[in-house]
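**Q** here is the input, now give the coordinates:
(2 chains)
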There are 2 protein chains.
Amino acid sequence: MGGDSDRSLMELAAGVEARDRRALARAITLVESNRAADRSAADRLIEKLLPATGHALRLGISGPPGVGKSTFIEAFGLHLVQAGHCLAVLAIDPSSRVSGGSILGDKTRMAELARHASAFIRPSPAGETLGGVARRTREAMLVCEAAGFDIVMIETVGVGQSETAVADMVDLFLLLVQPGGGDDLQGIKRGIVELADLVIVTKSDGPLEPIAGRTAADYQAALRLLRPAAEGAVAVREVSAVSGKGIDTLWQAVEAAAKAAEASGTRAARRAAQAKTWLWSELSESLLAALKAHPEVAGRLPELETQVACGRVSPPAAAQALLAAFRKG
Amino acid sequence: MGGDSDRSLMELAAGVEARDRRALARAITLVESNRAADRSAADRLIEKLLPATGHALRLGISGPPGVGKSTFIEAFGLHLVQAGHCLAVLAIDPSSRVSGGSILGDKTRMAELARHASAFIRPSPAGETLGGVARRTREAMLVCEAAGFDIVMIETVGVGQSETAVADMVDLFLLLVQPGGGDDLQGIKRGIVELADLVIVTKSDGPLEPIAGRTAADYQAALRLLRPAAEGAVAVREVSAVSGKGIDTLWQAVEAAAKAAEASGTRAARRAAQAKTWLWSELSESLLAALKAHPEVAGRLPELETQVACGRVSPPAAAQALLAAFRKG
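**A** Numbers count the residues shown, from 1 in each chain, chains lettered A, B, ... in the order given. As a prediction, this is how the structure comes out:
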């Protein structure tokens, strides 16, 4: 798609804005592409779509494996589309490095939601670098916004580096936890719980319901302690995808938080800061990519990294050597 | 000092390794300098000192304003030097942008410790960028290690961005909190509590003592919930700089944790990962500094940053424009 003429990009942009599913899928494939020619077309597409973006509520959803993310998103998502919302779900999938590899799996995961006319579910491949994932996900989010989805959810599996990046591109960051103790956070990066705007205890049904209640109370107490009161209390909610418990009140809480953030100007301030962060990570990623691609740097990097790791060369000295090699080219 | 000959650098390195206080002060001033010529001399000095580094226990100490950091460090530090240790304290001071500006203030803060022959206290100016602070602090730490201090403490005021950087350069990260609730964390960046290896409740004396006890229990419960059991429990301790309560047992806990991390290999693994992180932040900082220093980039940056913040230009497009301007030069 690298040779896209302006005309075909105009058509693609128009297709996205008309919420044509094939155009939407093509546009996301374009922004996810690693090919240099596609990158330029993707940049132009995003520029064209930009005026139509910014109107969706952006939700990050994370949680450790086994917490029931898909089940929760299907139940919560169905509630939203049945209430008249248009919902896009972007899932960052670390198990897939090629686009499309796990779409089928994902559609099976959320079968009923995926079939709904007002829902769009799309897994994103994890890619090579965190910066790459972040850029592609941000751009896919903008594409969905331009397509008129009024709620965009970004799901992360919660085991890696992507949570902080996701928390830095959404309006509200929701963390799912299981009934039980801290052991269930296995794999969640430290610091993530404190980033959450809303903690959701899943599986609050049957024999787990009383345990979920205690877990919710424990998190409420912990988060009250770990965050200054001035930042506002973090809501902790119990939900059950099986009984539907808490799903509608959860949406009320999310909507109320979103409206308050919009009215107070904190949403606009957060988004402006996020855009600047994005700019600086783009710059940093691009410069580091150019450095790594330089033949002489690429030749010396593995050895120097090893020397640095075992303390034989200081990081500044290794950096100077690599930068000198880079400047020669 | 930019024109330092190899001979004068050799003398400076020898002075540092002999723990000559004037040489130590000069060496730290050199690594803290922003002058390009000093930078090259600093790099060479660090290379010379590198074989003598790595033997100290590196402790990060943070906490919100008013928690009693100086009082704690003086009490804890005096206990350590009286037990035969040699202690260097590096304080990242955001109020001072010129080296030396607050040395007097700092010496007054920890008057008794500062006078002790086995202690060395040095505030570092906060500097322009977080990357700059991190680099200078890491290098000052290496200088102190080469001078034979067996414990190096890095103190941050805890209100800014520096905690994560400090947590990423030490063996153990100690967070001080006040008796009371989460309100006292005002200003502490989210995610910091979860980074702590040890939480220390200060002022556990007089009428505050029972409150400190409850606060310690609350943090213990919160941290048990927020961290998987596999990572090991976070110790929470109460101390009083007035009565000396908890100071000696705190050192036993720190020493035991340090020995366990050394025996299990986690300290070596953590330091290797920290060295790699340092290398990559050096590279990223240097490349971004070169970008910002480019006249055409500098001319366009403020306007583009504003456009990005208010959503008129997408971050990737702004990044492409700046990178194109940079490559032209």
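**Q** which elements pack onto the helix or strand hosting residue A:252?
**A** Assignment of secondary structure by DSSP states H and E places residue A:252 within helix A:247-264. Counting contacts by 3 or more Cβ pairs under 8 Å, 6 or more residues apart in numbering or on different chains; DSSP states H and E, helix A:247-264 packs against strand A:57-62, helix A:69-82, strand A:172-177, strand A:198-201, strand A:235-238, helix A:266-293. Using the backbone N, CA and C atoms, a C-beta is placed for each residue, glycine as well.
**Q** and that helix, how far out from the chain middle?
**A** Relative to the chain's own centre, helix A:247-264 is displaced by 19 Å; criterion: Cα atoms, centre = their mean, to the nearest Å.
**Q** repeat for stretch A:237-253
**A** Put simply, stretch A:237-253 sits 22 Å off its chain's centre (Cα atoms, centre = their mean).
**Q** just list the residues touching whichever residue of the stretch 51-200 of chain A sits closest to chain B, thanks.
**A** Checking the stretch 51-200 of chain A residue by residue against chain B with Cβ to the nearest Cβ singles out residue A:191 as nearest, at 3.3 Å. Contact partners of residue A:191, counting by Cβ atoms under 8 Å, 6 or more residues apart in numbering or on different chains, are A:164, B:190, B:191, B:192, B:194, B:195.
**Q** so the first one, which state does it fall into?
**A** Right, the one you point to is residue A:164. helix (DSSP: H, G, I helix; E, B strand; the rest coil).
**Q** once you drop chain neighbours, what's closest to it?
**A** If the residues on either side of it in the chain are set aside, residue A:164 comes closest to residue A:195, at 7.1 Å by Cβ to Cβ, 6 or more residues apart in numbering or on different chains.
**Q** can you give me phi and psi for the one you found?
**A** With angles defined as degrees, to the nearest 10, residue A:195 shows backbone torsions of phi -80, psi -20.
**Q** quick check, pLDDT for residue A:39.
**A** Per-residue pLDDT puts residue A:39 at 86.
**Q** check the one 3 residues further on too.
**A** Each residue has a pLDDT score; the one for residue A:42 is 93.
**Q** these two touch, right, it and residue A:29?
**A** No: judged on Cβ atoms under 8 Å, residue A:42 makes no contact with residue A:29 at a distance of 9.7 Å.
**Q** of these two, who's got more company?
**A** residue A:42 (27 against 16; other Cβ atoms under 10 Å in any protein chain shown).
**Q** what's the more buried one in contact with, if anything?
**A** Under the criterion of Cβ under 8 Å, 6+ apart, the contact list for residue A:42 reads A:30, A:31, A:33, A:139, B:316.
**Q** element containing the first one?
**A** Counting by DSSP H and E, the element that carries residue A:30 is helix A:21-32.
**Q** next, the distance between the ends of stretch A:29-37.
**A** 13 Å (Cα to Cα, to the nearest Å).
**Q** returning to that earlier point: state the phi and psi torsions of the residue of the stretch 51-200 of chain A closest to chain B.
**A** Recorded main-chain torsions at residue A:191 are phi 100, psi -10, according to degrees, to the nearest 10.
**Q** quick one: pLDDT of it?
**A** Per-residue confidence (pLDDT) for residue A:191: 78.
**Q** same thing with residue A:152?
**A** For residue A:152, the model assigns a pLDDT of 98.
**Q** before we move on, back to that, what helices or strands is the helix holding residue A:30 leaning on?
**A** Counting by 3+ Cβ pairs under 8 Å, 6+ apart, the packing neighbours recorded for helix A:21-32 are helix A:6-17, helix A:36-49, strand A:119-125, helix A:130-146.
**Q** show me how far it is from its chain's centre.
**A** 17 Å.
**Q** which residues does that helix contact?
**A** Helix A:21-32 has contacts (Cβ under 8 Å, 6+ apart) with A:1, A:12-16, A:38, A:41-42, A:45-46, A:49, A:99, A:120, A:122, A:124-125, A:136, A:139-140, A:143-144, A:147.
**Q** between helix A:130-146 and that helix, find me the angle.
**A** Compare the direction of helix A:21-32 with that of helix A:130-146 by axes from the mean of the first three to the mean of the last three Cα atoms, to 10 degrees and you get 150 degrees.
**Q** what residues of helix A:21-32 count as buried?
**A** Neighbour counts using 16 or more other Cβ atoms under 10 Å in any protein chain shown place A:23, A:24, A:25, A:26, A:27, A:28, A:29, A:30, A:31, A:32 of helix A:21-32 among the buried residues.
**Q** related to what we said a few turns ago, hang on, the residue nearest to residue A:164 packs against residue A:172?
**A** No: using Cβ under 8 Å, residue A:195 makes no contact with residue A:172, being 10.9 Å away.
**Q** flag the shaky bits of chain A, pLDDT-wise.
**A** Segments of chain A classed as low confidence (criterion: pLDDT under 70) are A:1-4, A:93-108, A:125-132, A:158-161, A:182-184, A:186-187, A:228-233, A:329.
**Q** domain assignment for it?
**A** Here chain A is described, according to the TED database, as comprising the domains A:54-264, A:279-327.
**Q** any idea how far the last one is from the chain center?
**A** The one in question is domain A:279-327. Put simply, domain A:279-327 sits 28 Å off its chain's centre (Cα atoms, centre = their mean).
**Q** and it with chain B, contact?
**A** Yes: contact between domain A:279-327 and chain B is present through A:279-280, A:282-284, A:286-288, A:291, A:304-305, A:308-320, A:322-323 (criterion: Cβ under 8 Å from any Cβ of the partner chain).
**Q** for ChimeraX, write the select line for the buried members of the residues you listed.
**A** Selecting in ChimeraX just the buried members of the residues of domain A:279-327 next to chain B, where the criterion is 16+ other Cβ under 10 Å, is done with this command:
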select /A:279,282,283,284,286,287,288,291,304,305,308,309,311,313,314,315,316,317,318,319,320,322,323
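**Q** for residue A:13, which non-adjacent residue is closest in space?
**A** If you skip the residues right next to it in sequence, residue A:13 has residue A:48 as its closest partner in space, 4.3 Å away by Cβ to Cβ, 6+ apart.
**Q** repeat that for residue A:10.
**A** Closest residue to residue A:10 in three dimensions, ignoring its sequence neighbours and counting by Cβ to Cβ, 6+ apart: residue A:48, at 7.1 Å.
**Q** now, which of the buried residues of helix A:21-32 sits nearest residue A:267?
**A** Nearest to residue A:267 out of the buried residues of helix A:21-32 is residue A:31 (Cβ to Cβ; 23.8 Å).
**Q** ok, now which ones touch the nearest residue to the closest one once chain neighbours are set aside?
**A** Distances taken as Cβ to Cβ, 6+ apart place residue A:139 nearest to residue A:31, at 3.9 Å, with adjacent residues excluded. Contacts here follow Cβ under 8 Å, 6+ apart; on that basis residue A:139 touches A:31, A:42, A:46, B:316.
**Q** again, only this time at 10 Å
**A** For residue A:139, the contacting residues are A:27-28, A:30-32, A:42-43, A:45-46, A:49, A:278, B:314-316, by Cβ atoms under 10 Å, 6 or more residues apart in numbering or on different chains.
**Q** returning to that earlier point: distance-wise, check the closest residue to the residue of the stretch 51-200 of chain A closest to chain B other than its chain neighbours relative to residue B:63.
**A** Counting by Cβ to Cβ, 6+ apart, the nearest residue to residue A:191 once its immediate chain neighbours are dropped is residue B:191, at 3.3 Å. For residue B:191, the distance to residue B:63 equals 15 Å [Cβ to Cβ, to the nearest Å].
**Q** hang on, residue A:143 packs against residue A:16?
**A** Yes: with contacts defined as Cβ atoms under 10 Å, residue A:143 counts as touching residue A:16 at a distance of 6.0 Å.
**Q** so those two - more neighbours on which side?
**A** Comparing residue A:143 with residue A:16 by other Cβ under 10 Å, the one with more neighbours is residue A:143, at 31 against 26.
**Q** the more buried one: what's it in contact with?
**A** Contacts of residue A:143 by Cβ under 10 Å, 6+ apart are A:12-13, A:16, A:23-28, A:30-31, A:42, A:45-46, A:49, A:52-53, A:88, A:90, A:122, A:149, A:152.
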